[in-house]
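Student: could you work out the structure for the sequence below:
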Amino acid sequence: MKFTAAVAALLLSPVASFAPVGLIQGKREIALQATVEAPVREPETPERVREVRERFRQASVDANQAKGCVKEETGNEWWRTPEDELSRKITKDKPLRVIIAGGGVAGLVAASACHSKGMKVAIFEQASQYAPYGGPIQIQSNALRALQRIKPILFDEIVKAGTVTADRVSGLKIGYKKGVFMNLGQQYERGDWLVRFDTLQPRLAATVVVDRPVIQQILLNHGIPEGTVRIKSRIASYEELGKGKGIKVTLTDGTVAYADALVGADGIWSSVRRIMHDLDNGADGFAASGAAGGALNEAEARKMAKDSVLMANNANRRYSRFTCYAALCEHRASNIEEVSYQILLGKDKYFVSTDGGGERQQWFALIREDAGGVDTEPSPENPTPKLTRLLNEFNNKEPGDQNGDVWDDFAHELLLATPEENIKRRDLYDGSPLVKKGWTRGQVAICGDAAHPMMPNLGQGGCQATEDGYRLAEELATVKHTKDVEGALNTYFLKRIARTTIIQIIAQLGSDLLVDFDLMMTIPLVGPFFLTMTQLSMPFILRFLYTPEF
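Tutor: As a prediction, this is how the structure comes out:
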């Protein structure tokens, strides 16, 4: 109860779809702001459903085949040899050379932004292929603006591929029947709305949801030259060659590479961050063979659960106390025309669902428990251990779950539409803001989850990584001499740290508060006041997330 109503509102905000209204740069953006109108919900046609699902299928095939990545090396790649003059002026003929570790969304956006500014870019991705985890992701309006500034075609393609979620209601519901203290005040029935958010905003580009492999293929096809990404390439070490003289990077396979700057976009278990911050060797690891943290099979996912516990201790990362089950199911939800995003709140758990486009629903079940847990192996007696557990956790029939609570039917509706093999599980980790340690050292910087891992309840993880990529390239583009790289990277950090710190802390506190939200709402007088202030303050709070310059 120490939170102000405004802060508490932000902590509990769903993945809403407010667009930025801050300063707009460029004629194209001004035109965009002036012409985009508030979205009006139009039911998806059978043709659109087929289009969304087919694009996802084809992008997954392309990712599996590492389309857009290096197929065969020539031995003449620019990064294999240093420039004749390590310390030099930056010219059109001798542009800045940047190596990016990590080929997920953060790395691809950073590479696209740097390439758009005329820099030479190479991405070293440790994974053997792209493997999406959890299905579609939200590209919120602040990230859309960053992409539009980086390269207009990226914005156009993302919007074209996406499904608008700003045309219906979003909000928080109570997951089960809940009374109030001493029967004073309102009786909440399961499925009752606690807070609803109108996410329609005229004239502004609305948030869209897009499948992760589709986003990756758009960035590969339109953001960077083919062959920019080298897979199976994990950084083992790097060496500063002197101020303005660049970086020597050594991969685990013995390959040596040279660049003027190194950017670690290699995720929460970042190898670049481990070296930069002098962490123990166990602080990073080969967490998964699929880029963007995706396990390629159940055996690998089980190994990840154990390895992550050890890496977190060495990397100063925090276990959120939540394990997360997630899936994308092909199902036309019963509330699809009215609701785009909702959270069902319960005791020590909550169930999140969002429209995934193409008559599909993406859902997440977050349950508070110790780290490193795994589900039992399928057996003849229980061929669906994950699904069986979740149906019990969110039981919609008497006697209810382990707490005796009978849940709203919607969670069961989606669970029953999901095959066991589609359900993935992982423990959720984040970390404290790196205000003191920083994101840069010399000619090396980090971005995305390597710099600011955050809980998913604000839907801003990938969006903040996108902002990072834009700002990083903007600062590097000011470099006139390689001696300026260190200063440019430090400016990037200084311009980003305050914003990401606020969002990171809020996401962390918000996730913890969600599981106690149902209890707070049942306190007489306090509950109704808290709900009212949450509802009234949301437009102002969301403006902070989506409007500041970055």
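Student: just give the closest residue to residue 108, not the sequence neighbours.
Tutor: Spatial nearest neighbour of residue 108, chain neighbours left out: residue 219 (3.9 Å); criterion: C-beta to C-beta, 6 or more residues apart in numbering. C-betas here are computed from N, CA, C, even on glycine.
Student: can you get me a residue count around the one you found?
Tutor: Counted with other C-beta atoms under 10 Å, the neighbours of residue 219 add up to 27.
Student: any idea how far residue 119 is from it?
Tutor: Counting by C-beta to C-beta, to the nearest Å, the separation of residue 219 from residue 119 is 16 Å.
Student: same question for residue 517.
Tutor: With C-beta to C-beta as the criterion, residue 517 and residue 119 are 46 Å apart.
Student: neighbour count winner among the two?
Tutor: Set residue 517 next to residue 119 and count neighbours by other C-beta under 10 Å: residue 517 wins out with 24 against 21.
Student: could you report the pLDDT at the more buried one?
Tutor: Residue 517 carries a pLDDT value of 70.
Student: next, the closest residue to residue 440 other than its chain neighbours: secondary structure please.
Tutor: Spatial nearest neighbour of residue 440, excluding adjacent residues (C-beta to C-beta, 6+ apart): residue 489 at 4.4 Å. Three-state assignment for residue 489 (DSSP: H, G, I helix; E, B strand; the rest coil): helix.
Student: give the closest residue to residue 150 in space, chain neighbours not counted.
Tutor: residue 113 (4.6 Å).
Student: mind listing what that neighbour touches?
Tutor: 150, 469-470, 472-474 (C-beta atoms under 8 Å, 6 or more residues apart in numbering).
Student: check residue 377 too.
Tutor: Counted by C-beta under 8 Å, 6+ apart, residue 377 has contacts residue 385.
Student: what does residue 90 give?
Tutor: Here residue 90 is in contact with 96, 479-482 (criterion: C-beta under 8 Å, 6+ apart).
Student: residue 470 against residue 146, yeah?
Tutor: Yes: counting by C-beta atoms under 8 Å, residue 470 does reach residue 146; the two are 4.1 Å apart.
Student: just the ones of the contacts of residue 113 in helices?
Tutor: Under the assignment DSSP state H, those contribute 150, 469-470, 472-474 to helices.
Student: residue ranges with poor pLDDT in the protein?
Tutor: Low-confidence segments of the chain (pLDDT under 70): 1-40, 131-134, 179-186, 198-205, 285-297, 518-519, 521-522, 547-548.
Student: in it, where's the longest strand?
Tutor: As assigned by DSSP state E, the longest strand anywhere in the chain is strand 317-330.
Student: give the buried residues for that one.
Tutor: Neighbour-count burial for strand 317-330, counted by 16 or more other C-beta atoms under 10 Å, picks out 317, 319-329.
Student: mind putting those in TSV, distance to residue 459 included?
Tutor: Shown next, in TSV, are the buried residues of strand 317-330 (distance: C-beta to C-beta, whole Å):
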residue	distance to residue 459
317	20
319	21
320	16
321	20
322	16
323	19
324	14
325	18
326	14
327	18
328	16
329	19
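Student: tell me which of those is nearest to residue 357?
Tutor: Residue 357 has its nearest neighbour among these in residue 328, at 9.9 Å by C-beta to C-beta.
Student: for the closest one, give me its contacts.
Tutor: 134-136, 356, 360-362, 422.
Student: what of residue 413?
Tutor: 331, 333-334.
Student: how does it look with 7 Å?
Tutor: residue 334 (C-beta atoms under 7 Å, 6 or more residues apart in numbering).
Student: looking at this, it is in a helix?
Tutor: Yes: assessed with three-state DSSP, residue 413 lies in a helix.
Student: from residue 504, how far out is it?
Tutor: 33 Å.
Student: ok, and for stretch 506-517, which residues are buried?
Tutor: Here stretch 506-517 shows 506-515, 517 as buried, counting by 16+ other C-beta under 10 Å.
Student: give me the contact list for it.
Tutor: By C-beta under 7 Å, 6+ apart, stretch 506-517 touches 10-12, 172, 320, 322, 343, 345, 348-350, 368, 430, 454-455, 457-458, 460.
Student: how about the helices in this protein?
Tutor: 5-11, 27-35, 46-64, 105-116, 141-150, 152-161, 212-222, 271-276, 298-315, 385-393, 409-416, 461-476, 485-521, 526-546.
Student: now render those helices as a markdown table, adding distance to residue 77.
Tutor: Output for these, formatted as a markdown table (distance: least, C-beta to C-beta, whole Å):
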| stretch | distance to residue 77 |
| --- | --- |
| helix 5-11 | 46 |
| helix 27-35 | 34 |
| helix 46-64 | 23 |
| helix 105-116 | 15 |
| helix 141-150 | 24 |
| helix 152-161 | 25 |
| helix 212-222 | 17 |
| helix 271-276 | 20 |
| helix 298-315 | 30 |
| helix 385-393 | 43 |
| helix 409-416 | 46 |
| helix 461-476 | 20 |
| helix 485-521 | 21 |
| helix 526-546 | 39 |
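Student: ok, and the closest non-adjacent residue to residue 162?
Tutor: residue 208 is the one closest to residue 162 (C-beta to C-beta, 6+ apart), at 2.7 Å.
Student: beta partners for that neighbour?
Tutor: residue 139, residue 164 (DSSP bridges).
Student: pull the contacting residues for it.
Tutor: 139, 158-159, 162-165 are the contacts of residue 208 under C-beta under 7 Å, 6+ apart.
Student: redo that, cut-off 6 Å
Tutor: 139, 159, 162, 164 (C-beta atoms under 6 Å, 6 or more residues apart in numbering).
Student: the residue nearest to residue 150 and residue 510, how far apart?
Tutor: For residue 113 relative to residue 510 (C-beta to C-beta), the value is 29 Å.
Student: equivalent analysis for residue 194, please.
Tutor: In terms of C-beta to C-beta, residue 194 sits 15 Å off from residue 510.
Student: which of the ones in helices among the contacts of residue 113 sits closest to residue 303?
Tutor: residue 469 (30.2 Å).
Student: pretty sure the closest one is touching residue 110, no?
Tutor: Yes: if you go by C-beta atoms under 6 Å, residue 469 and residue 110 touch, sitting 3.7 Å apart.
Student: neighbours around residue 398, how many?
Tutor: 7.
Student: skipping adjacent residues, who's closest to it in space?
Tutor: residue 406 (6.1 Å).
Student: which pair in the contacts of residue 113 spans the largest distance?
Tutor: 150 and 472 (10.7 Å).
Student: between these two, tell me which one has more neighbours.
Tutor: residue 472 (30 against 25).
Student: scan the contacts of residue 208 and report the most crowded one.
Tutor: Within the contacts of residue 208, residue 139 tops the neighbour count with 26 neighbours, counted by other C-beta under 10 Å.
Student: contacting residues around residue 118?
Tutor: residue 95 are the contacts of residue 118 under C-beta under 6 Å, 6+ apart.
Student: same thing with residue 440?
Tutor: Contacts of residue 440 by C-beta under 6 Å, 6+ apart are 489-490, 493.
Student: ok, now with 10 Å
Tutor: By C-beta atoms under 10 Å, 6 or more residues apart in numbering, the contact list for residue 440 reads 261, 263, 276, 446, 451, 485-494.
Student: got it, and residue 136?
Tutor: 52, 56, 162-163, 165, 208-215, 328, 354-358, 360-362.
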